[in-house]
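*Asks:* Here is the input, now give the coordinates:
(2 chains)
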Number of protein chains: 2
Amino acid sequence: MRQFTETDLDDLAIGAAILGTGGGGNPYVGKLLARAAIREHGPVTIVDIDEVPDDALVVPSAMMGAPTVIVEKLPSGSEAVEAFLALQEHLGREITHTMPIEAGGLNSTMPFTVAARLGLPVVDADGMGRAFPEVQMVTATIYGIAATPMALADEKGNRVLLDRTVDNRWTERFARSVTVDMGSTALVAQYALSGRQLKEAMVPGTLRLATELGALVRAARARHDDPVAAIVERLSGRKLFAGKIIDVERRTVAGFTRGRALVEHAGEELALEFQNEFLVARRGEEVLASVPDLITVVDSDTGEPTTTEELRYGFRVAVLAAPCDRRWRSAAGLALVGPRAFGYDFDFVALEERAA
Amino acid sequence: MRQFTETDLDDLAIGAAILGTGGGGNPYVGKLLARAAIREHGPVTIVDIDEVPDDALVVPSAMMGAPTVIVEKLPSGSEAVEAFLALQEHLGREITHTMPIEAGGLNSTMPFTVAARLGLPVVDADGMGRAFPEVQMVTATIYGIAATPMALADEKGNRVLLDRTVDNRWTERFARSVTVDMGSTALVAQYALSGRQLKEAMVPGTLRLATELGALVRAARARHDDPVAAIVERLSGRKLFAGKIIDVERRTVAGFTRGRALVEHAGEELALEFQNEFLVARRGEEVLASVPDLITVVDSDTGEPTTTEELRYGFRVAVLAAPCDRRWRSAAGLALVGPRAFGYDFDFVALEERAA
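*Replies:* As a prediction, the model looks like this:
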């Protein structure tokens, strides 16, 4: 158990955006919201998963929708609390903990807003060890845990509950339509878990890892050292490429931000394809990295991560890749988040094998 | 209080489809479902609104979606019960009565399926005195009653709850998206009412009127008399036109059946525009009748009503119009269901005034 204060926020927001692989929401927005909530309501307690009682009721809090819209439609935080309360009333039981559902600049800090306002502890864990664009793409799905009942709320006062669905893919389908109706963003409360389920099915320590990554970047900058190398080393990853962004195609479709960016250096090009998050990095026909492994774009000097909606012509970036949580590399994991789950016609090859 | 039996069903289905103004679902489908439920569970009790205690919890049951799809996707009846149970669990109170939300071949009989299966009485009332395509188009909206919490269920096992919305138009928006995701049809439970609200805000006696209309048609046929004249007389309406259908344009868009039909006789043409229900009847530029007044198409010989998804080239039909419930003609009523609410650029003129 530890106190999470305003000063931890900077490190967390940067580190979570690195793990967020281009998605998970804008870190600046996330930081502002969480800071305002902590200033108003005081610091938040973080607990490790083994500190959570088996009979706890843990509910992750997150923002859902197209990152392009999220940056233009700053949430007030009340919507997140509304989604939470809608689910709590529906369950008829008091929620004891919240947590992030994914690593990401906004979605790692959103639970702190809810936690500060409602006086709940945040569990140091998430459901991905990174960010993914769809509801079912959570390690909990591998363990047969339902996203439902799931609550969605918007800034206008609408609250929708997905009570029971055939499976988590159906939940994604309904949630996406409702999110689009809510204006392409929604605040959600989903994957209500017992403490026992949390320990079995979620990814532990994501907040600690993200905060550590953020601190490493900050320290490297202060030493005039290479923040990019520090990130790669901490994640046992690889630097795939460095260069200038020379083209970005991006569109907001069905509640997602989809597109493609080209990075160029000395006549060579790297293509990045994304659906909220970066999915595939290719040089010509050769795939250098793909989901579920992490692909992250950072400023080549400062190590500051760039989300897919921020990519602009002329940015000088480094493209990094890192191994995902090992559960994603299982058959069940790849069925959910492997290249084929995103419509690609190739099988997953682990980053370490591609490098070799 | 009276018993509703299988033999009443034929009359009700025909009469309700007449009031259904082309929508409200296919009467044959509605009859089959209700008959099966009554055969299995026994007759259903109908109560008049003044027999309902003020503290009763009345929940209308209905099918929502595109009539073109409804006829191809026969509901089993279990979905209607699921929607009902989802709402009951969410409310945490036992529902005491059900009722139709609209008059229509399917939607007037759907509550009998739920009532027979759950052993509940059906209230002789509805929310329109006719059928309309959208959720907010219910007299209850005029009285400030919310459609939410609203439950939607499908045949696959999905259940969605619209917990709280800004207004009934927002409920329509979410419900429509969810219905499209469910395969363009859904079974719904909505507008939970106290007995007191029921008496103030709903249209009484719709089942009695529909059953009487069906009986009149049946009797006229037996006497080789004119069923069309019998309908017109009972509804204090007018026969606008009779002729052959020479053209039908129809498409399923965003969960609705939309289109236009042309009826021809002796070189004259009548155009009918519809969104699930008939909205406007025109001869050339002249509007002969429009929403919220009732426009109904029946077989010119038998008086059998034709829904908008059944219209076919060559059908010989009579086009009838009749005055709507007077509340629809108020300013608040017309704002909800007048011609402008459907995108037309003209004001409502009552049928009686047009005739004069």
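
*Asks:* List the contacts of stretch A:248-256.
*Replies:* Where contact means Cβ atoms under 8 Å, 6 or more residues apart in numbering or on different chains, the residues beyond stretch A:248-256 that reach it are A:64-66, A:68-69, A:133, A:176, A:179-180, A:184, A:257-262, A:275-276, A:308-309, A:311-313. Placement of C-beta: from N, CA and C, glycine included.

*Asks:* Which ones among these also lie next to chain B?
*Replies:* Applying Cβ under 8 Å from any Cβ of the partner chain, the subset of the contacts of stretch A:248-256 adjacent to chain B comprises A:V180.

*Asks:* The contacts of stretch A:248-256 in strands, which ones?
*Replies:* Secondary structure assignment (DSSP state E) places A:M64, A:G65, A:T257, A:R258, A:G259, A:R260, A:A261, A:L262, A:Q275 from the contacts of stretch A:248-256 within strands.

*Asks:* hang on, the earlier thing: from the contacts of stretch A:248-256, which would you call buried?
*Replies:* Buried residues within those, defined by neighbour count using 16 or more other Cβ atoms under 10 Å in any protein chain shown: A:64-66, A:68-69, A:133, A:176, A:179-180, A:184, A:257-262, A:275-276, A:308-309, A:311.

*Asks:* Quick one: neighbours of the nearest residue to A:Y344 once chain neighbours are set aside, just the number.
*Replies:* Leaving aside its chain neighbours, A:Y344 sits nearest to A:V280 (6.6 Å; criterion: Cβ to Cβ, 6 or more residues apart in numbering or on different chains). In terms of burial, A:V280 registers 19 neighbours under the definition other Cβ atoms under 10 Å in any protein chain shown.

*Asks:* Hmm, A:V280 is touching A:S290, no?
*Replies:* Yes: contact criterion Cβ atoms under 8 Å: A:V280 and A:S290 qualify, at 4.7 Å.

*Asks:* what touches both of these two?
*Replies:* Shared contacts of A:V280 and A:S290 (Cβ under 8 Å, 6+ apart): A:P339, A:Y344.

*Asks:* residues from the stretch 1-150 of chain A in reach of chain B?
*Replies:* For the stretch 1-150 of chain A, the residues found near chain B under the criterion Cβ under 8 Å from any Cβ are A:A86, A:H90, A:G92.

*Asks:* mind listing what A:I295 touches?
*Replies:* Taking Cβ under 8 Å, 6+ apart as the criterion, A:I295 is in contact with A:T21, A:G22, A:L240, A:L272, A:F278, A:L279, A:V280, A:A281, A:A289, A:V319, A:L320, A:A321.

*Asks:* element containing the fourth one, please.
*Replies:* In this case it means A:L272. Here A:L272, judged by DSSP states H and E, is contained in strand A:268-275.

*Asks:* And the third one, by the same measure?
*Replies:* Using DSSP H and E, the element containing A:L240 is strand A:238-253.

*Asks:* thinking A:F174 is in contact with B:N158, fair?
*Replies:* Yes: with contacts counted by Cβ under 8 Å, A:F174 reaches B:N158, the gap being 7.1 Å.

*Asks:* Name the residue in the two with the higher neighbour count.
*Replies:* Legend: neighbour count by other Cβ under 10 Å for A:F174 and B:N158, higher for B:N158 (27 against 24).

*Asks:* right, and that one touches A:R173 too?
*Replies:* No: under the criterion of Cβ under 8 Å, B:N158 is not in contact with A:R173, lying 9.0 Å apart.

*Asks:* what's near enough to touch A:L118?
*Replies:* Going by Cβ under 8 Å, 6+ apart, A:L118 touches A:V81, A:F84, A:T98.

*Asks:* Redo those as CSV? Include neighbour count, secondary structure and pLDDT.
*Replies:* Conversion of those to CSV gives the following (neighbours: other Cβ atoms under 10 Å in any protein chain shown; DSSP: H, G, I helix; E, B strand; the rest coil; pLDDT from 0 to 100):
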residue, neighbour count, secondary structure, pLDDT
A:V81, 19, helix, 95
A:F84, 26, helix, 96
A:T98, 26, strand, 98
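
*Asks:* Go ahead and confirm A:W170 touches B:R159.
*Replies:* No: under the criterion of Cβ under 8 Å, A:W170 makes no contact with B:R159, lying 10.6 Å away.

*Asks:* Give me the more crowded residue out of these two.
*Replies:* More crowded of A:W170 and B:R159, by other Cβ under 10 Å: B:R159, with 25 against 22.

*Asks:* Distance of the more buried one relative to chain A?
*Replies:* Between B:R159 and chain A the distance, using Cβ to the nearest Cβ, to the nearest Å, works out to 4 Å.

*Asks:* What's opposite that residue in the beta bridge?
*Replies:* Each beta-bridge partner of B:R159 is listed here: A:R164, B:A153, as defined by DSSP bridges.

*Asks:* Would you verify that A:G333 is located in a helix?
*Replies:* Yes: membership of A:G333 in a helix is supported by DSSP: H, G, I helix; E, B strand; the rest coil.

*Asks:* can you count the residues close to it?
*Replies:* Applying the criterion other Cβ under 10 Å, we find 21 residues in the vicinity of A:G333.

*Asks:* contacting residues for it?
*Replies:* Under the criterion of Cβ under 8 Å, 6+ apart, the contact list for A:G333 reads A:T139, A:I142, A:P292, A:R327.

*Asks:* hmm, 7 Å instead?
*Replies:* By Cβ atoms under 7 Å, 6 or more residues apart in numbering or on different chains, A:G333 lies in contact with A:I142, A:P292, A:R327.

*Asks:* Can you add pLDDT and give those residues back as a markdown table?
*Replies:* A markdown table is the format used below for the contacts of A:G333 (pLDDT from 0 to 100):
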| residue | pLDDT |
| --- | --- |
| A:I142 | 97 |
| A:P292 | 98 |
| A:R327 | 97 |
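
*Asks:* Save these as TSV, and put in neighbour count and secondary structure too.
*Replies:* Putting those into TSV (neighbours: other Cβ atoms under 10 Å in any protein chain shown; DSSP: H, G, I helix; E, B strand; the rest coil) gives the following:
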residue	neighbour count	secondary structure
A:I142	17	helix
A:P292	27	coil
A:R327	17	helix
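
*Asks:* Look up the pLDDT of A:F274 for me, please.
*Replies:* The predicted structure scores A:F274 at 96 on the pLDDT scale.

*Asks:* should've said A:A356
*Replies:* Per-residue pLDDT puts A:A356 at 68.

*Asks:* What values do phi and psi take at the nearest residue to A:D48 once chain neighbours are set aside?
*Replies:* Leaving aside its sequence neighbours, A:D48 sits nearest to A:D124 (Cβ to Cβ, 6+ apart; 5.3 Å). Main-chain dihedrals, A:D124, degrees, to the nearest 10: phi -80, psi 90.

*Asks:* Pull the residues that contact the lowest-mean-pLDDT helix or strand in chain A.
*Replies:* For chain A, using mean pLDDT, DSSP states H and E, the weakest element among its helices and strands is helix A:67-70, scoring a mean of 74. Contacts to helix A:67-70, defined as Cβ under 7 Å, 6+ apart, come from residues A:23, A:25-26, A:29, A:63, A:106, A:184-185, A:250, A:252, A:257, A:276, A:307-309.
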